[in-house]
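*Asks:* Fold the following, please.
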Amino acid sequence: MKARPVADLTLRDGYFGLADQARWSFGLDHPHLMLLIHGFHTTERAARLDLHNFRTAIADFAPALAKSIFIVTWPGNSLGGPAAYPWMIGNARSAAPVLRRGIESWYEQQDGPKVLTLVAHSLGCRLTLEALASLDRSKLRKLERLDVFLMAAAVPVGLQKLINDAQKVATSITVLCSAADEVLRIAFPLGETFAGEGWMPRAVGRFGEPWGMSWFAVRNMRGFNHGDYWRDHLAPAVISGFMHHLSPNLVIRGLPRDRGSLPHHRLPSTTALPKA
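*Replies:* You can find the predicted model right below:
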């Protein structure tokens, strides 16, 4: 039987509701803390199980982080299923201040981690950017680095002000993208159009647009579809490699030179957005 993770941070209140404040079940005595943020159309239980396996993969490459990688859950699921995506954008935006207040409170109560890394997927990237854009970096005492990884970002390219505001707070933002992502190519523009956020906008997670932004890096995950970031060890390997570059003192082991040499345990899929 697959073990459920025991430590996480949740922005949820019940099955669908948004909590007034973030609740976490882990101590903050970690010099380097990583948060994993799921996307749309997944229950809390499914998100915890999927991200638990992704966390295990990161820990394979970065053993020093094994006890400081935590799962963030938020109310991205709906009885409406994939068709509810336009309304879930509001949920992601509403959850952002809860996450932001939670992060700020860590540093108000104690020093908090010196390095904070956020890894987000799909609509969780919108939540992450919204939280960063409103974050008061001056409140984060002793924070030395705030590094962000956006995987398959379900964020309209036209939201340049939001991206700029987030980049002013983050030390680095790295984009993992794929032109082969059919969900972002077909379903995302339709959902965003119905949500009133523009006419058939492109997603950041397809090509790493808008070009000319101060991304730390844009990594083309060639051939990746929307759920492949969870299925394969390549995304954890890429993120681990970038983390070593950003924090050279972080020891990374066993990074593969190519996809064929990746470790053999398979990560589960996710239904973050509907397939066309």
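
*Asks:* Show me where this protein has its helices.
*Replies:* Taking DSSP state H as the criterion, the chain carries its helices at 44-61, 85-109, 123-133, 160-169, 182, 188-194, 204-207, 228-231, 234-246.

*Asks:* Can you mark which positions in the fourth one are buried?
*Replies:* When neighbours are counted by 16 or more other CB atoms under 10 Å, the buried residues of helix 160-169 are found to be 162-163, 165-167, 169. The C-beta positions use only the backbone N, C-alpha and C, and glycine is treated the same way.

*Asks:* just those now: which is nearest Arg48?
*Replies:* Ala166 (25.7 Å; CB to CB).

*Asks:* Might you report the residue contacts of that closest one?
*Replies:* 128-129, 132-133, 148, 173 (CB atoms under 8 Å, 6 or more residues apart in numbering).

*Asks:* Also Arg202?
*Replies:* Residues counted as contacts of Arg202 (CB under 8 Å, 6+ apart) are 156-157, 189, 209.

*Asks:* can you check Gln160 too?
*Replies:* Neighbouring residues of Gln160 by CB under 8 Å, 6+ apart: 210, 213.

*Asks:* pLDDT at it, what is it?
*Replies:* Here, the pLDDT recorded for Gln160 equals 96.

*Asks:* any idea how far the closest residue to Ala47 other than its chain neighbours is from Trp24?
*Replies:* Nearest residue to Ala47, sequence neighbours excluded (CB to CB, 6 or more residues apart in numbering): His38, at 4.1 Å. Separation of His38 from Trp24 (CB to CB, to the nearest Å) stands at 16 Å.

*Asks:* Comparing those two, which residue is more hemmed in?
*Replies:* Higher neighbour count among His38 and Trp24: His38, with 29 against 16, using other CB atoms under 10 Å.

*Asks:* Mind putting the contacts of Ala166 into a markdown table with pLDDT?
*Replies:* Shown next, in a markdown table, are those (pLDDT from 0 to 100):
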| residue | pLDDT |
| --- | --- |
| Thr128 | 98 |
| Leu129 | 98 |
| Leu132 | 98 |
| Ala133 | 97 |
| Val148 | 98 |
| Ile173 | 98 |
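
*Asks:* Closest one to Trp230 out of those residues, please.
*Replies:* Thr128 (16.7 Å).

*Asks:* residues near that closest one, how many?
*Replies:* Under the neighbour criterion other CB under 10 Å, Thr128 is assigned a count of 29.

*Asks:* got the contact list for it?
*Replies:* For Thr128, the contact set (CB under 8 Å, 6+ apart) comprises 37, 96, 99, 118, 120, 148, 150, 166.

*Asks:* Same check on Thr73?
*Replies:* Thr73 neighbours (CB under 8 Å, 6+ apart): 8-12, 38, 44, 47-48.

*Asks:* Dig out what Leu36 forms beta bridges with.
*Replies:* As for beta bridges, Leu36 partners with Ile71, Val119 under DSSP bridges.

*Asks:* From Leu159, how far off is it?
*Replies:* Separation of Leu36 from Leu159 (CB to CB): 23 Å.

*Asks:* of those two, who's got more company?
*Replies:* Leu36 (27 against 20).

*Asks:* any idea how far Phe149 is from the more buried one?
*Replies:* Applying CB to CB, the value for Leu36 to Phe149 is 10 Å.

*Asks:* about what we covered before: distance to Arg137 for the buried residues of helix 160-169 - can I get that in CSV?
*Replies:* Formatted as CSV, the buried residues of helix 160-169 follow (distance: CB to CB, whole Å):
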residue, distance to Arg137
Leu162, 16
Ile163, 16
Asp165, 11
Ala166, 11
Gln167, 12
Val169, 5
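
*Asks:* Go through these and say which is closest to Ser68.
*Replies:* Val169 (21.1 Å).

*Asks:* right, and the closest one touches Glu130 too?
*Replies:* No. Contact criterion CB atoms under 8 Å: Val169 and Glu130 do not qualify, at 11.5 Å.
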